[in-house]
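J.: sequence and predicted structure, then a few things I'm wondering about:
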Amino acid sequence: MILYLFKLFLTSMPELPEVETTIRYLVKKVNGKKILSIKKSKKKLRKNLNLRDLSSVKGNKILEVKRFAKYILLRLSSGSYIIIHLGMSGRLKFYLKDSYKTEKHDHIVLEFEKFFIVYNDPRRFGMFFKLKDHEDLKSFFCNYGQDLLLDKVNISKIIKIFKNKSVSLKQALLDQRILVGLGNIYVNEALFHSRLSPLRLTNSLNDKEIMKLIRSCKYILKLSLKNGGSSINDYKSPDGTLGSFQNMFYVYQRSEVTLKKQSFPVKKITQNGRSTFFSPTLQK
DNA sequence: CGGTAGACCTGACCGC
DNA sequence: TGCGGTCAGGTCTACC
């Protein structure tokens, strides 16, 4: 039980707010700190460090922690980058020195002077790898779309993409080549907020609807960031239960949505293998 | 080329 | 208690 006092779970449920929350935490803990050693398990992640990477990372200071899309970027003093993606089940854990005991699914262990940072990921859809310099970084991310939280949105670019595409809005919003950072939950929520049906095709929207949709995406991401942050701060229980996070959702994993004391049924369908929740009455 | 199904994994949960 | 089926926050690739 005492262990839990020393062991802080940074996050679970990785969508953008969790990535952001993890980053804020990392900034406080590891910025400017030197990596004394790095170890990895034999199990393979989606993308992983090789043995040469391990020795080249060792001894570096972390100069900067930032986010791109749902990736966490650690800029090292050598000019290279450690790239972390939490996948579906990844999380970073923090342990004070001497309190670390290996747990199932621990894959990467970073040792610092006073603590360890451990990457744990049961499903191993996550990534933990190295890019050798800024050029590498640029080419790795060159196919990614606009970040609604970091960039000033180029709306005419989005309009152009939408007009030349014929996929469902659900699929388009999940496509990281168009917009970056939205996951399954927030696509559902953003579509509800915009009152557009997830079944609508991209090229069926007019400019006004596209603008409305982008505004909703931005709004939902900002809101989720706020709530994601607070649900982590409220986190107390060692069994991994989170606070009232899911109570924030309008449609995701719900059977009805209530607006102005009137309730409307929420329908669950499958699109491209992922669950979609929406209100057929309210979303057109 | 664009679009879609399936692959990659483990664990939790539900009904029998 | 066990067993099979289903589902889960994300990307990538192989194939029409």
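T.: Ah, there it is. Residues are numbered from 1 along each chain as shown, chains lettered A, B, ... in the order given.
J.: which residue packs closest to the residue of the stretch 51-200 of chain A found nearest DNA strand B, ignoring adjacent ones?
T.: For the stretch 51-200 of chain A and DNA strand B, the shortest gap (C-beta to the nearest atom of the strand) falls at A:Arg123, measuring 3.3 Å. Glycine gets a C-beta too; all of them are placed from N, C-alpha and C. Leaving out its chain neighbours, the residue that sits closest to A:Arg123 by C-beta to C-beta, 6 or more residues apart in numbering is A:Ser89, at 4.3 Å.
J.: and the one you found, how many neighbours?
T.: By the measure other C-beta atoms under 10 Å, the count of residues near A:Ser89 is 16.
J.: confidence score at it?
T.: On pLDDT, A:Ser89 comes in at 92.
J.: sorry, back to before: isn't the residue of the stretch 51-200 of chain A closest to DNA strand B up against A:Met88?
T.: Yes: taking C-beta atoms under 8 Å as the definition, A:Arg123 is a contact partner of A:Met88 at 5.3 Å.
J.: and chain A, which of its residues are near DNA strand C?
T.: Counting by C-beta under 7 Å from any atom of the strand, chain A comes close to DNA strand C at A:12-15, A:46-47, A:69-70, A:85, A:87-89, A:123, A:125, A:127, A:174, A:176, A:183-185, A:245-246, A:273-275.
J.: hmm, which of those are the buried ones?
T.: Listed as buried from the residues of chain A next to DNA strand C are A:12-15, A:69-70, A:85, A:87, A:89, A:127, A:174, A:176, A:183-185, A:245; burial here means 16 or more other C-beta atoms under 10 Å.
J.: which of these lies closest to DNA strand C?
T.: Minimum distance to DNA strand C across these is 2.2 Å, recorded for A:Gly183 (C-beta to the nearest atom of the strand).
J.: ok, and the closest non-adjacent residue to A:Lys222?
T.: Closest to A:Lys222 by C-beta to C-beta, 6+ apart is A:Leu149, at 7.2 Å.
J.: didn't the one you found look like it was pressed against A:Tyr186?
T.: No: at 11.7 Å, A:Leu149 does not count as touching A:Tyr186 under the criterion of C-beta under 8 Å.
J.: any weak-confidence spans in the stretch 1-150 of chain A?
T.: A:1-13 (pLDDT under 70).
J.: OK, contacts around A:Asp106?
T.: Shown in contact with A:Asp106 (C-beta atoms under 8 Å, 6 or more residues apart in numbering): A:41, A:93, A:118-120.
J.: the residues you listed in strands, which ones?
T.: Under the assignment DSSP state E, those contribute A:93, A:118-120 to strands.
J.: can you list those residues in TSV and add distance to A:Lys132?
T.: TSV is the format used below for the ones in strands among the contacts of A:Asp106 (distance: C-beta to C-beta, whole Å):
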residue	distance to A:Lys132
A:Lys93	27
A:Val118	24
A:Tyr119	20
A:Asn120	26
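J.: understood, closing this out.
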